[in-house]
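In: give me a model of this one.
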Amino acid sequence: MIIENELFIIPIDVYMRDMGIIISTWEQAIDAISDQLEEGEKEDLIRATPKVNERGRHFTTNSGLSVVWIRQGLSLRVTHSTIIHEVVHASIEILKSIGISLCPKSEEAYAYLIEYLAFEAGSKLGTIPAFDQSP
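Out: Numbers count the residues shown, from 1 in each chain. Next up, the predicted model:
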């Protein structure tokens, strides 16, 4: 079951960053992160309302919170693939912000971050079942 209208914060301790993820309307997403926004930022985000055909969006707040928004009402498969798509954008921006550009030597860092964020997001939002990874 897909969990909508609830903001989940995924800690990325190794890079001292967090990523918020929510499935909702755009306005609900902005309200959910309003305590993370600086003066005037909420109004700017509301004016940047996604187009009707936009399934998701990644952005970073002025305070540094990486946010993935997924449009509510999509099928399970489309929701899950959109999460992965937006997590790739988030991973690129997060690693770039700490000085790690994508190249052959950093590719593994990107792959691990994408895998971690996609798994955590999918587990929290109900697009993949949570399971025990212990041996």
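In: every contact and neighbour count from this point should use C-alpha atoms.
Out: OK.
In: next, count neighbours for the nearest residue to residue 60 once chain neighbours are set aside.
Out: Closest residue to residue 60 apart from its sequence neighbours, by C-alpha to C-alpha, 6 or more residues apart in numbering: residue 66 at 4.4 Å. Residue 66: 23 surrounding residues under other C-alpha atoms under 10 Å.
In: list the pairing partners of the longest strand seen in the chain within its sheet, with orientation.
Out: If you go by DSSP state E, the chain has its longest strand at strand 17-24. For strand 17-24, the pairing partners within the sheet under DSSP bridges are strand 8-12 (antiparallel), strand 66-71 (parallel).
In: next one: residue 115 from residue 77, what distance?
Out: As judged by C-alpha to C-alpha, to the nearest Å, residue 115 and residue 77 stand 17 Å apart.
In: who has more neighbours out of those two?
Out: A direct count of neighbours by other C-alpha under 10 Å for residue 115 and residue 77 places residue 115 higher, at 16 against 11.
In: look at that one and give its secondary structure.
Out: Assigned by DSSP: H, G, I helix; E, B strand; the rest coil, the conformation of residue 115 is helix.
In: how about the longest helix along the chain: buried residues?
Out: Longest among the helix segments of the chain by residue count, using DSSP state H, is helix 76-97. Counting neighbours by 16 or more other C-alpha atoms under 10 Å, one finds that the buried residues in helix 76-97 are 79-95.
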